[in-house]
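Undergrad: 3D model of this:
(chains A, B and C)
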Amino acid sequence: MASQDTIERKPDAPGRLERLLGPDFYRMLKGLLTNPLSLSGMALLGLFLIVALAAPVLAPPRPNASPYHIPRDGFSPNPKQPGTEWRVRQPPLPFWWKPITHKDHWVHLMGTASGQWDIYYGVIWGTRTAFKVGLIITLSVATLGIFLGSVSAYYGGAVDMVIMRVTDVFMSFPFLLAALTLSAILAPVMGKSLVPPSIALIMFGWMGYARLIRSDILSVKEREYVLAAKVLGATDRRILLKHILPNAIYPTMVVASMDMGSYVLSFAALSFLGVGAEVGYADWGQLISFARDWITNLGQYWFIVIYPGMALVLFVLAWNLVGDALRDILDPRLRGRK
Amino acid sequence: MFNYIMRRLLMIPLLLFGVTVLIFLMLQFLGPTQRSALYVRDIPRNERVLQGVIRKYGLDKPFYVQYWRWLVGVTDEKTGKHEGGILFGQFGYSRTASEPVIDIIKRRFPATFELALWSVLPVILGGVILGVVAAVNHNKFIDQVARVFSILGWSFPTFVFGLLMLMIFYAELRWFPPGRISNWADAVVRSPQFHNYTTMITFDALLNGRLDIFWDAFKHLILPITTLSYLNWALLLRVTRSSMLEVLRQDYITTARAKGLSERRVIFRHALPNALMPVVTIGGMMVVGLLNGVVITETVFNYPGMGKAAADAALNLDVVTVLGLTLFSGTLLIFANLVVDIMYAYIDPRVRLE
Amino acid sequence: MKRSLIVLFAVLVVAALALAACGQQAPQTVVVTQVVEKPGGTVVVTQVVEATPAPPKAKEFKSSHPDTLVVATIGDAESLDPAWDYESSGIGVIMNLYDQLVTYDKSDATKFVPDLATQWEISDGGKTYTFHIRKGVKFHNGDTLTPEDVAYTFQRAILQGGTDSPMWLLTEPFFGIGTYDIAELVDPTGALDDDPEALKKADPAKLKAACEKIVNAVTYDNDKGTVTMHLAQPWGPFLATIAQGWASIIDKQWSIKQGAWDGSCDTWQNFYGIDDSTAPLGKIENGTGPYMLDHWTPGEEIVLKANPHYWRAEQNVPAWKGAPTAPSIKTVVLKVVKEWGTRFAMMKAGDADFADVPRQNVAQIDPLVGEICVWNADKSDFDCKPSDNPDQPLRLWKGMPTVVRTDVFFNFKINTDGGNPYIGSGQLDGNGIPADFFSDIHIRKAFNYCFDWDTFIKDALNGEGVQNVGPLIPGMIGYDPKGPHYTYDKDKCVAELKQAWDGKVWDKGFRFQVAYNSGNVTRQTVAQILQADFADIDPKFEIEAVGLPWPAFLNAYRASRLPMFISGWIEDIHDPHNWAQPFTVGTYARRQNMPKDIHDQFQELVSKGVAETDPAKRAEIYKQLTALDYKYAPAIRLAVATGRHYEQRWVQGWYYNPIAPAFYYLYSIKK
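TA: Numbers count the residues shown, from 1 in each chain, chains lettered A, B, ... in the order given. Modelled structure (predicted):
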């Protein structure tokens, strides 16, 4: 039974750092930093973060153009191999290019996708999009879910009943299909951008959080310290915010960390079906969808799938590795023997 | 238990009402002209006819008027003829599929159901096995490999994985073709000598004693099943693993070990049955998800299921079909969730239905 | 409880092992039977070799399903009602199920040979056509064809009407230029078009008169075996008009039994303007053609079976010189496969004999081509030779002229009722455009000067096309490749922009959306080229390219809400009128809201052109039309591309007729 020693052993007395951060947070951090899977996940995320922040340096945008619009070298459907020179509408050279290669012209580092979109540029700026999409959707979904779930759980009765039935209604839709429909309806109205698919994913994504936080609160609600606070006459809101939520929030964090990746995937799926961001927006899902027709000739055109695909898979993988480790650490059932 | 089931059943109309209201609210983003497709096959070119449809069904009226007319239909004042009304079973005619919505469901649901049935085993079994392996080797190398392997699948965009499979196993190796059945087998299935008991080809083939047809139909299922399996294992692995880990540290397992039982016996006889309980819920939810069709898998493998039909409709803003199929899926989901809940309560005595 | 779970689990394990076992062995056996190239293979293979004494190279390529033809296509038929369907896939199927009075002389789009009519006379200065109907022809259900069936066919088709149907092609010759629907005989304003309810309430006398007009225009004599058609005016392309799917001859008795028009002029209004869900002949057929409908699963496949009693075989009448009399392929499967990757895989595996190959995908499939047949314009035929990889399994036909073109249309007066998301702010403030933006000739010219044809032809058309001059297409009477046309010229574009709207456009810039139907890569590229060309001049000239789902596109287009739209036309009959009419006064011009003075100038030339019988004079009229088109620049005329067709090399007998719809060729195919 090798499984017992790593998790169960606890330091005898809390250290300074632990006191500073609080026991739960300390334990979480320690767990994350000692597990090889979560470490590699976090390393990957760090890398992505650097790429996202350094995007203007790594791939300078064309002047007077939106940086999120991938520059394209003509319109031909046939992808070009990595290393091909830019011919038309070339963006400015990054400052590091000349010292390294001693060349004056910019090349397609990762080739071009069908339609001559520069893959390298799309992968770099797509990192920003991925973080944006993942963060915005997950935060919105979690906030909406937590709000409704905690209100439902705390007030109970008719409020609970109504909110939970509404949740049930939303859960009666197949997720991707519902998001697809709403996105398809919204796109002609709002114009194609990140907004319609994001709204669609948020609308049909919050129910899991509402249910999760509700059941967590229900189990926390009856604990002594909450009852004590009630007796002392604390207001509802104060009890909810100060005492209940902080204790119920960890499982939500686990789900949220994994959802970061999942929503980027769902967004990519919408892009693949044609209801994602507008054509040419730096978005990995869309870059891969440019490759949709060429995947059967992968031997020759591997780069149009491999680069954006790798970015997407690794990004999702990183969040999942962290989330999976978090889950292991925070799962109360795995916290040693009862 | 009985009361619980009754209460849940009574809730179904309420939920369906909610479902329809919600879709109808979504349709408010479209213009009255586009909504007229709910009632006429092609949006009329003649402006007067179009205005007539809009007036008749109140498409420019407030939301509740439209909803009500869609629900119960409209009676023509002069002729007394009743038209439309979803409550009267008027599901409408699908423009994207060129057939009544009811026919889409009748024809496509068996295909989806067949795929779902065959996927249950590999999806759930594979996930469970991986989970058990990971749990037994907790934090060892095998655990990490199993987890990374399954999370990698979870991280794959379905369309990339599916198309890669198609490339390798169909275009190169020619083993597993896309679609549902080969032409020669289709001809047999349509012949009068072949009895369609279930309209699910694999089962019908077995019932007719045609192993060749069975194998042909099954060949077409292998790639979608593989894709669905690999992409979904991570979830089951995760549930099985943590549930298994929890069980493995229970007192009775320690006792069993102390009694000197072999590790294999401890795991399979004592730990696994208890660890499988939460798997039932997740597995159940997964099966329910499969029943509603898997949009991208069906698209990539050209499999004529519900998901593909619904996605085509949504992408083309075919509101009639979207409404009809969503209603069907919604009903299915609600019933299936009920079954899963009851099953769970039945298996795990700790759960009490309230 | 625990035990039962364990049992369940055990069952699962066994089942999984069984599945795994199946999955391991069986594929190998399958591979053996399917690999057809293997020399000296199974008995089945040798039989095939003996049965087809083909040239040596064909021996290397043998289909695993020699009796069945599989076509992997993008589009499904909309309807099988010949008078209703107006799209290529459906008409293609219909032309295999039904026959017409005359048909094309193989690949010639303008020469016609007898089909169900054995001969015909034209009299009364081109206004009367008398057809002698073939005897002894049987419909698929066994009924015998009579002249009455032929007359009923035309009467029913026109009476069924509908402006979405191809019937305008028949109403114009029968009732006069500018009549698009039978309902216009009741109310000439067109208010009753497509409105069956209102038509039913119209004056019964007028209704009856309208019906009698067509009944009297198409008369029959069963004893003499003739059908006579009386046109409103001489109509040059009349034979061309009745050679296609919409003029397919149907069985009167059978049709009435199915619920089509009952043949009475008192009740015809009840059969007017049906829609597809209720069309009695929409999903079934009873033609005289070489194939019969086996089944149609909408969205999935249409399966046809060879007609064992095909009249050409029984009477030994080949359609054209060297044509077979009976179809050689026993079963035809038209499979709808929307995903290109899947279609490609089917071609690669040899499961599909033909496949739709969009132009943007040719680079992928070209490496599989072992034989290339290139169009030779001098002899109007193909020259075939092995490709650089002569062992590859596909044959490519390329370079042939086509009759399809995509254009960019400007909307002179954009419909803004209830708001319009496509024109931004709706004002010339740099953030939108006014509704009459394109009514300024300088704007229209600027857009013509700012379109980069060379890039379009090179990148979107694979270099296989030429810039089009005016509304007609190359090869037509009156088409002049040296005629007046615009070329990509940034300086002139800037000059026009500076003049437009008194310089306000140049100061403020503009922003609007150009729409295309999503999924159409060529149209998307057109929009993106315009977008890029204007962005090169100055970022304040902002064009957004939006792909809309087909129905949404159609709605916005029909309601004239799109400031600028990209659409394509496939000709119905190979005649300049079929281009001049829709592009300058009809379908497109109406959606463009062309001002009356421009419209009238075009209309005069269009009417003169179709009535003129002297080719030289006719050519002159269409040259004037092209000059007028250049002067007003109501659209950007893009380019006509040459065609491509891919097939397995074991397929023989395909031929190219530019006008014929998809799948028209099935009857002559051999494998």
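
Undergrad: Secondary structure element for the residue of the stretch 101-250 of chain A at minimum distance from chain C, which one?
TA: With CB to the nearest CB, the shortest gap between the stretch 101-250 of chain A and chain C falls at residue A:188, namely 5.5 Å. In this view, the C-beta of every residue, glycine as well, is placed from N, C-alpha and C. Using DSSP states H and E, residue A:188 sits in helix A:175-190.

Undergrad: For residue A:175, grab the count of nearby residues.
TA: Using other CB atoms under 10 Å in any protein chain shown, residue A:175 is surrounded by 17 other residues.

Undergrad: Hmm, residue A:203 and it touching each other?
TA: No - between residue A:175 and residue A:203 there is no contact under CB atoms under 8 Å: 10.4 Å.

Undergrad: Name the nearest residue to the residue of the stretch 101-250 of chain A closest to chain C, sequence neighbours excluded.
TA: Leaving out its chain neighbours, the residue that sits closest to residue A:188 by CB to CB, 6 or more residues apart in numbering or on different chains is residue C:552, at 5.5 Å.

Undergrad: Next up, the contacts around the one you found.
TA: A:188, B:34, B:317 (CB atoms under 8 Å, 6 or more residues apart in numbering or on different chains).

Undergrad: Just the element for it, please.
TA: helix C:550-558.

Undergrad: Report the angle between that helix and helix A:175-190.
TA: 10 degrees (axes from the mean of the first three to the mean of the last three CA atoms, to 10 degrees).

Undergrad: so how far is helix C:550-558 off the chain centroid?
TA: 18 Å (CA atoms, centre = their mean, to the nearest Å).

Undergrad: What of stretch C:533-547?
TA: Worked out by CA atoms, centre = their mean, stretch C:533-547 lies 32 Å from the chain centre.

Undergrad: Now that stretch: buried residues?
TA: Using 16 or more other CB atoms under 10 Å in any protein chain shown as the test for burial, stretch C:533-547 gives C:533-535, C:537, C:540-547.

Undergrad: Correct me if wrong: residue C:509 contacts residue C:538.
TA: Yes - Residue C:509 is within contact range of residue C:538, at 6.7 Å (criterion: CB under 8 Å).

Undergrad: where does residue C:337 sit relative to residue C:353, distance-wise?
TA: 13 Å (CB to CB, to the nearest Å).

Undergrad: Near residue 299, how many other residues are there?
TA: Reading this off chain A. Residue A:299 has 8 neighbours, counted by other CB under 10 Å.

Undergrad: let's do chain C instead
TA: Neighbour tally, residue C:299, other CB under 10 Å: 20.

Undergrad: what about stretch B:88-95, near chain A?
TA: No - using CB under 8 Å from any CB of the partner chain, stretch B:88-95 stays clear of chain A, coming no nearer than 14.5 Å.

Undergrad: same question, stretch B:238-257
TA: Yes - using CB under 8 Å from any CB, we find that stretch B:238-257 touches chain A at B:238, B:242, B:245-246, B:248-249, B:257.

Undergrad: Quick check: which ranges of the chain have low pLDDT?
TA: With no chain named, the answer covers chain A. Low-confidence segments of chain A (pLDDT under 70): A:1-15, A:17, A:21, A:23-24, A:247-248, A:295, A:331-338.

Undergrad: Correction: the question concerned chain C.
TA: In chain C (pLDDT under 70), the answer is C:1-59, C:276-277, C:551.

Undergrad: Just give the nearest non-adjacent residue to residue C:129, would you?
TA: residue C:229 (4.6 Å).

Undergrad: who touches that neighbour in this structure?
TA: Residue C:229 sits in contact with C:128-131, C:154, C:174, C:217-218, where contact means CB under 8 Å, 6+ apart.

Undergrad: residues of the stretch of helix or strand it belongs to that come out buried?
TA: Using DSSP H and E, residue C:229 maps to strand C:226-230. Within strand C:226-230, the residues scored as buried using 16+ other CB under 10 Å are C:226-229.

Undergrad: Going by distance to chain B, which of the residues you listed wins?
TA: Closest to chain B, out of all of those and judged by CB to the nearest CB, is residue C:229, at 27.8 Å.

Undergrad: I'd like the distance between the closest one and chain A.
TA: 46 Å (CB to the nearest CB, to the nearest Å).

Undergrad: cool, and residue C:539?
TA: From residue C:539 to chain A the distance is 4 Å (CB to the nearest CB).

Undergrad: just residue B:340 next, same as before
TA: Taken as CB to the nearest CB, the span from residue B:340 to chain A is 12 Å.

Undergrad: list the contacts for that residue?
TA: Per CB under 8 Å, 6+ apart, neighbours of residue B:340: B:280-281, B:284-285, B:288.

Undergrad: sorry, back to before: the residue of the stretch 101-250 of chain A closest to chain C against residue C:548, yeah?
TA: Yes - checked against CB under 8 Å, the pair residue A:188 and residue C:548 is within contact range at 6.3 Å.

Undergrad: Pick out the residue closest to the middle of chain C.
TA: residue C:88 (3.5 Å; CA atoms, centre = their mean).
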